[in-house]
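Trainee: Here is a sequence with its predicted model. Questions after.
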Amino acid sequence: MNKNLANMIFGKWTVIEPDIKINGRLYCLCLCECGTEKFICKSSLTSGRSTQCHKCASTRHGGHNTRLYSIWRNMKQRCSNPKASKYNIYGGRGIAVCYEWKSNFEVFKNWALQNGYSESLSIDRIDSDKGYYPENCRWADCFEQNNNLRSNHLITYNNKTLSINQWARELKISKKTLSERIRRGWNIQRAFETPVLNMEEFNDTQRLPNGRYKKNTEHVETRT
Ligand SMILES: [Zn+2]
C-alpha cells in the first residue's frame, strides 16, 4: 500500500515532499516544528519510529526551555485550560490565541523576534477585549502594560468579569461615565446601578464664567 503522505503530520514532522526514492528506498522530505528539514524514511514515519528531528529529541522540552516558550505555553493555558489560574479573565471571557500561534511555537517565535521581543518584555494585547494575534499584540515593559491594564480595567461584578468597555456596552452607560464614577471612588454596585443623570444635571458640573468649577455633584454624563 503506497499512501501519499503529502502535508501529513507525524509528531513534529510535517511532510513537505513525499515519496522521494534514495538508493531504492522511499523517503519524505519533512519539516520539524523547530524549522529543521530532513529526509525521513517513509516507513519510519508511518510506524511512528521518527517523530521529531535529532535536535528536538536531544533537548529537554524539545529545545523549548526558553522564556519565550514559557510565555507561549502560559498564553495558551490561560486561554484554553479552565484550570489555569487566570482562565476566568482570559479564556472565560472569550480571549483566544489565533490558530497560527496556537498550533506552532515557531510561528509565534518568529513574530516575537521580528517585533521587538526581549527578555525584559511581556506580551501585551493592545485591545484587551480581543485575543492574541499579531495585529493585537506587542511587547511591552511592566509600565506600559500596567497602563494598558488600567485603561482596560477589568471589573468583576455578580460573578462576571468584563473590561470597562464591555461593561459599558452591557449596562448601556457610556465608558466615560463609568470610568469617571470609578475614578471618583464609587463602589462598583453604585457605579453600575445608579441611573445616568440627564443633561440638566450634567450642566451643574460645568465651568462657571469666573473659570472655577461649580460644586461637584459627583455625576458626570457624557455628551453622546
Ligand atoms: Zn526539531
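Mentor: Perfect, I can see it now.

Trainee: my guess is residue 134 meets residue 112, correct?
Mentor: No. With contact defined as Cβ atoms under 8 Å, residue 134 does not count as touching residue 112 (10.0 Å). The C-beta positions use only the backbone N, C-alpha and C, and glycine is treated the same way.

Trainee: Show the pLDDT at the closest residue to residue 179 other than its chain neighbours.
Mentor: Distances taken as Cβ to Cβ, 6 or more residues apart in numbering place residue 164 nearest to residue 179, at 6.1 Å, with adjacent residues excluded. Model confidence at residue 164, given as pLDDT, is 83.

Trainee: what does residue 38 give?
Mentor: We have a pLDDT of 93 for residue 38.

Trainee: which parts of stretch 69-82 are buried?
Mentor: Residues of stretch 69-82 classed as buried by neighbour count (16 or more other Cβ atoms under 10 Å): 69, 71-72, 75-79.

Trainee: Filter those residues down to just the ones in helices.
Mentor: Using DSSP state H, the subset of the buried residues of stretch 69-82 located in helices is 69, 71-72, 75-79.

Trainee: any idea which of these is closest to residue 155?
Mentor: Comparing these against residue 155 with Cβ to Cβ places residue 78 closest, at 18.4 Å.

Trainee: For the one helix or strand residue 106 maps to, C-alpha coordinates in PDB please.
Mentor: Counting by DSSP states H and E, the element that carries residue 106 is helix 105-114. Extracted C-alpha coordinates of helix 105-114, given in PDB (Å, rounded to 0.1, in the frame of the first residue of the first chain):
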ATOM      1  CA  PHE A 105       5.500  27.700  18.500                       C
ATOM      2  CA  GLU A 106       7.900  28.600  15.700                       C
ATOM      3  CA  VAL A 107       5.400  30.900  14.100                       C
ATOM      4  CA  PHE A 108       4.900  32.700  17.400                       C
ATOM      5  CA  LYS A 109       8.600  32.900  18.000                       C
ATOM      6  CA  ASN A 110       9.300  34.300  14.500                       C
ATOM      7  CA  TRP A 111       6.600  37.000  15.100                       C
ATOM      8  CA  ALA A 112       8.100  37.700  18.500                       C
ATOM      9  CA  LEU A 113      11.700  38.100  17.200                       C
ATOM     10  CA  GLN A 114      10.600  40.300  14.400                       C
END
